[in-house]
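> structure here, sequence nowhere to be found:
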């Protein structure tokens, strides 16, 4: 039987969180509107939303713990149990799934020895499937603490999690430099990212996301939005190539440190992910998937 009421934070932690909470609540005309960022705040303290965190939010906003719990359990960005420093989310929604997301998820589960929503023994990586990363034009996509790693394959995803666990530098395809889950939660609570250059690196929509808009504007030469991954030096731009992207837009030639060469789609048997599904190779789905 859990202790009732939930224990409070230590006095020094409570004083620090009270000051942060006051700054959050002051942003809103009604205090109740501050609940979502407050949940991110308590998550940044312990890595997940604990009963103590729920009590803190309730007392700060004049709500019941039942009201706070209803919100915390509705949104999947709030953890209800301890997790790793890096939350690795694999999109398994329709487009990413058929482009290789299912193969990536199965490969990582086998490689890490964990299931969906579980954490590696070293406390570094929590693996989960995500319904949509809102990056269909770069499918299949993996996110680490909500930063994008585009155009993944089972092999590139394995290298990604291995580097995270080993503490080696990892660079997202676009967006801010990677930080830990707790640090990400504090940023989501609305506090500034004070790392040098982090805000400037956030950028905007990638070239693939803007291709339709440019076509609608009558611009030409937008059929090729990124160079082929791993193809070496890019060819000279055609005379009708569109001008460089707007300020803050991710450059077309910037893959992440873990993007994989992708000469073909995953549905092509010649693709590494496709071979694993059709031939029962080591790329994640294995022989059983090929039999089905």
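In hand now; what should we look at? Since this is a predicted model, take the numbers as computed values, not measurements.
> how about the secondary structure of residue 213?
helix (DSSP: H, G, I helix; E, B strand; the rest coil).
> which residues touch it?
Going by CB atoms under 8 Å, 6 or more residues apart in numbering, residue 213 touches no other residue. Bear in mind the C-beta positions are built from the backbone N, C-alpha and C, glycine included.
> show me how far stretch 25-36 is from its chain's centre.
Remark: stretch 25-36 is offset 26 Å from the chain centroid, using CA atoms, centre = their mean, to the nearest Å.
> quick one: contacts of that stretch?
Outside stretch 25-36, the residues touching it (CB under 8 Å, 6+ apart) are 21, 24, 38, 57, 60, 61, 62, 63, 68, 71, 75, 190.
> let's see that with 6 Å instead.
24, 61, 71 (CB atoms under 6 Å, 6 or more residues apart in numbering).
> how much space between the second one and residue 49?
Separation of residue 61 from residue 49 (CB to CB, to the nearest Å): 14 Å.
> compare those two and say which is more crowded by neighbours.
Between residue 61 and residue 49, residue 49 has the larger neighbour count (other CB atoms under 10 Å), namely 26 against 19.
> list the contacts for the more buried one?
39, 42, 43, 72, 78.
> contacting residues around the last one?
Right, the one you point to is residue 78. 39, 49, 72.
> export the residues you listed to JSON lines and tack on distance to residue 103, secondary structure and pLDDT?
Converted to JSON lines, the contacts of residue 78 look like this (distance: CB to CB, whole Å; DSSP: H, G, I helix; E, B strand; the rest coil; pLDDT from 0 to 100):
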{"residue": "39", "distance to residue 103": "34", "secondary structure": "helix", "pLDDT": "98"}
{"residue": "49", "distance to residue 103": "32", "secondary structure": "coil", "pLDDT": "96"}
{"residue": "72", "distance to residue 103": "33", "secondary structure": "helix", "pLDDT": "96"}
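> now tabulate those in a markdown table and tack on distance to residue 94.
As requested, those are arranged in a markdown table below (distance: CB to CB, whole Å):
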| residue | distance to residue 94 |
| --- | --- |
| 39 | 30 |
| 49 | 30 |
| 72 | 28 |
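> check which helix or strand covers residue 129.
Applying DSSP states H and E as the criterion places residue 129 in strand 125-130.
> for that strand, packing partners?
Applying 3 or more CB pairs under 6 Å, 6 or more residues apart in numbering; DSSP states H and E, one finds that strand 125-130 contacts strand 86-91, helix 102-112.
> out of the ones you listed, deepest packed?
Comparing these by mean neighbour count (mean count of other CB atoms under 10 Å), strand 86-91 comes out on top with a mean of 25.
> tell me the strands beside that one, with direction?
strand 125-130 (parallel), strand 142-144 (antiparallel) (DSSP bridges).
> now do the longest one and helix 102-112, the angle between them.
Our comparison of strand 125-130 with helix 102-112, counting by axes from the mean of the first three to the mean of the last three CA atoms, to 10 degrees, yields an angle of 160 degrees.
> output the helices and strands packed on strand 125-130 as TSV; include the columns distance to residue 121.
Output for the helices and strands packed on strand 125-130, formatted as TSV (distance: least, CB to CB, whole Å):
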stretch	distance to residue 121
strand 86-91	14
helix 102-112	9
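> and these as CSV, adding mean pLDDT and distance to residue 166?
Output for those, formatted as CSV (pLDDT from 0 to 100; distance: least, CB to CB, whole Å):
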stretch, mean pLDDT, distance to residue 166
strand 86-91, 96, 12
helix 102-112, 96, 13
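> any regions of the stretch 151-292 of the chain where pLDDT drops low?
The stretch 151-292 of the chain contains residues with pLDDT under 70 at 203-204, 220-292.
> at 50 what do you get?
Low-confidence segments of the stretch 151-292 of the chain (pLDDT under 50): 225-254, 261, 274-292.
> how many other residues sit next to residue 214?
So residue 214, with other CB under 10 Å, has 17 neighbours.
> make that residue 8, sorry
12.
> which of the three states applies to it?
Applying three-state DSSP: residue 8 is coil.
> what's the burial count for residue 209?
18.
> which residues sit against the one helix or strand residue 68 maps to?
Here residue 68 sits within helix 65-72, counting by DSSP H and E. Residues outside helix 65-72 that contact it (CB under 6 Å, 6+ apart): 35, 39, 49, 54, 57, 58, 78.
> adding secondary structure, write the residues you listed out as a markdown table.
Output for the contacts of helix 65-72, formatted as a markdown table (three-state DSSP):
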| residue | secondary structure |
| --- | --- |
| 35 | helix |
| 39 | helix |
| 49 | coil |
| 54 | helix |
| 57 | helix |
| 58 | helix |
| 78 | coil |
